[in-house]
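Trainee: Okay, predicted coordinates and the sequence, questions at the end:
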Amino acid sequence: MLDEDLARIRAHRNNIHRYRRLLRTKLSELERQYIERRLAEEQTSLKSLADDTFPIALTIPQGPAAPAGLGATP
């Protein structure tokens, strides 16, 4: 399952890179709009898949118990 998710993440990343590369070329307005829409869809899909695949969120400790420089306020 993880291997499949990682392959899907790679596919989305590759598509995003390809769309960004295409946006640096000379395009008609219609082509540009289409690619921008596809880019946004790929980015949304990638974020959703990454959030589902790697659900652990790291937090920085707050307050007096936190070591200096890691979110503690003076």
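Mentor: Ah, there it is. Numbers count the residues shown, from 1 in each chain.
Trainee: Quick one: mean pLDDT for stretch 13-29?
Mentor: Stretch 13-29 comes out with an average pLDDT of 97.
Trainee: cool, stretch 44-53 as well?
Mentor: Rounded mean pLDDT across stretch 44-53 is 91.
Trainee: can you list contacts of that stretch?
Mentor: Stretch 44-53 is contacted from outside by 2, 5-6, 8-9, 12-13, 16, using Cβ atoms under 8 Å, 6 or more residues apart in numbering. Just so you know, the C-beta spots here come from the backbone N, C-alpha and C atoms, and that holds for glycine as well.
Trainee: cutoff 7 Å now
Mentor: Contact with stretch 44-53 is made by 5, 8-9, 12-13, 16, as judged by Cβ atoms under 7 Å, 6 or more residues apart in numbering.
Trainee: and these, which are buried?
Mentor: 9, 12, 16 (16 or more other Cβ atoms under 10 Å).
Trainee: would JSON lines of those with distance to residue 49 be doable?
Mentor: Formatted as JSON lines, those follow (distance: Cβ to Cβ, whole Å):
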{"residue": "9", "distance to residue 49": "6"}
{"residue": "12", "distance to residue 49": "7"}
{"residue": "16", "distance to residue 49": "12"}
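Trainee: Among these, which are located in helices?
Mentor: 9, 12, 16 (DSSP state H).
Trainee: Among the contacts of stretch 44-53, list the two that are farthest apart in space.
Mentor: 5 and 16 (16.5 Å; Cβ to Cβ).
Trainee: Please tabulate the contacts of stretch 44-53 in CSV and include distance to residue 25 as additional columns.
Mentor: Output for these, formatted as CSV (distance: Cβ to Cβ, whole Å):
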residue, distance to residue 25
5, 31
8, 27
9, 26
12, 21
13, 20
16, 16
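Trainee: Now do the SS call for residue 18.
Mentor: helix (DSSP: H, G, I helix; E, B strand; the rest coil).
Trainee: Please put the alpha-carbon coordinates of stretch 6-26 into CSV.
Mentor: Only the C-alpha atoms of stretch 6-26 are listed here, as CSV (Å, rounded to 0.1, in the frame of the first residue of the first chain):
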residue,chain,number,x,y,z
LEU,A,6,4.6,6.7,-3.0
ALA,A,7,4.3,5.9,-6.7
ARG,A,8,1.2,8.1,-6.9
ILE,A,9,3.0,10.9,-5.1
ARG,A,10,5.9,10.7,-7.5
ALA,A,11,3.4,10.8,-10.5
HIS,A,12,1.7,13.9,-9.1
ARG,A,13,5.1,15.6,-8.5
ASN,A,14,6.3,14.7,-12.0
ASN,A,15,3.0,16.1,-13.5
ILE,A,16,3.5,19.3,-11.4
HIS,A,17,7.0,19.8,-12.7
ARG,A,18,5.9,19.1,-16.3
TYR,A,19,3.1,21.7,-16.0
ARG,A,20,5.4,24.3,-14.5
ARG,A,21,7.9,23.7,-17.3
LEU,A,22,5.1,24.1,-19.9
LEU,A,23,4.0,27.4,-18.2
ARG,A,24,7.5,28.8,-19.0
THR,A,25,6.9,28.3,-22.7
LYS,A,26,4.9,30.4,-25.2
